[in-house]
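Engineer: Kindly generate the corresponding structure for this input.
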Amino acid sequence: MKAVMIKVLMCVALVGSAAWMTGCLAAAAAAGTGLGVAYAQGDLEGTVDADRDAALLASEGALQDLGYQDVSVTTDGPTAKVFAQAGEDDIKVNIREIGPEKSKVSVRVGAFGDEEISRAVYDQIRANLGLPREAEAFRGAESGA
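Structural biologist: Numbers count the residues shown, from 1 in each chain. Below is the predicted model:
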């Protein structure tokens, strides 16, 4: 009986870790392609073809364009943060320059995240940079455009 219980517990642990790893691998794969964004644990993260300052202006403008209140900015070397209010939740956009004309942009809404709002903010940032919205960029890459 004890051996059966140990096998059952091991199977449960294996299935649970496989499900957790699938999410991590999907996020890593999406982030590694340079296309698409990864949404994991409440953060939406993607890469844009812009230096930190351009990404910062686009992010600040995106939050204002979408009607969010109390938009503020902080900068520190290669990183910048843009904050805004969305009802009861805060929106935080982190920007980190990762190369010439390349920045990593991360969007988080509230303590637990909101994927729909995060994607809307990210798409508006891309639009402000003159880049296609994420779904359009992904379709173009799939078709070889």
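
Engineer: Tell me which residues are up against the helix or strand hosting T74.
Structural biologist: Using DSSP states H and E, T74 sits within strand 69-76. Residues outside strand 69-76 that contact it (Cβ atoms under 8 Å, 6 or more residues apart in numbering) are 52, 56, 60, 63-64, 80-85. For every residue, glycine as well, the C-beta is placed using N, CA and C.

Engineer: ok, of these, which one's closest to E97?
Structural biologist: Within the contacts of strand 69-76, proximity to E97 (Cβ to Cβ) peaks at R52, which comes in at 3.9 Å.

Engineer: who touches that closest one in this structure?
Structural biologist: If you count contacts by Cβ under 8 Å, 6+ apart, then R52 has 75, 78-80, 95-97, 103 around it.

Engineer: what does D49 give?
Structural biologist: 101-102, 129, 131.

Engineer: Now rank those residues by neighbours and give me the top one.
Structural biologist: Highest neighbour count within the contacts of D49: L129, with 20 neighbours (other Cβ atoms under 10 Å).

Engineer: Report pLDDT for it.
Structural biologist: If you check L129, the pLDDT there is 97.

Engineer: give me phi/psi at it?
Structural biologist: phi -90, psi 0 (degrees, to the nearest 10).

Engineer: and the residue nearest to it when sequence neighbours are not counted, what helix or strand is that in?
Structural biologist: With sequence-adjacent residues excluded and distances taken as Cβ to Cβ, 6 or more residues apart in numbering, L129 is closest to A58, at 4.7 Å. Using DSSP H and E, A58 falls within helix 52-65.

Engineer: Give me the buried stretch members for that helix, please.
Structural biologist: For helix 52-65, a neighbour-count test (16 or more other Cβ atoms under 10 Å) marks 52, 54-63 as buried.
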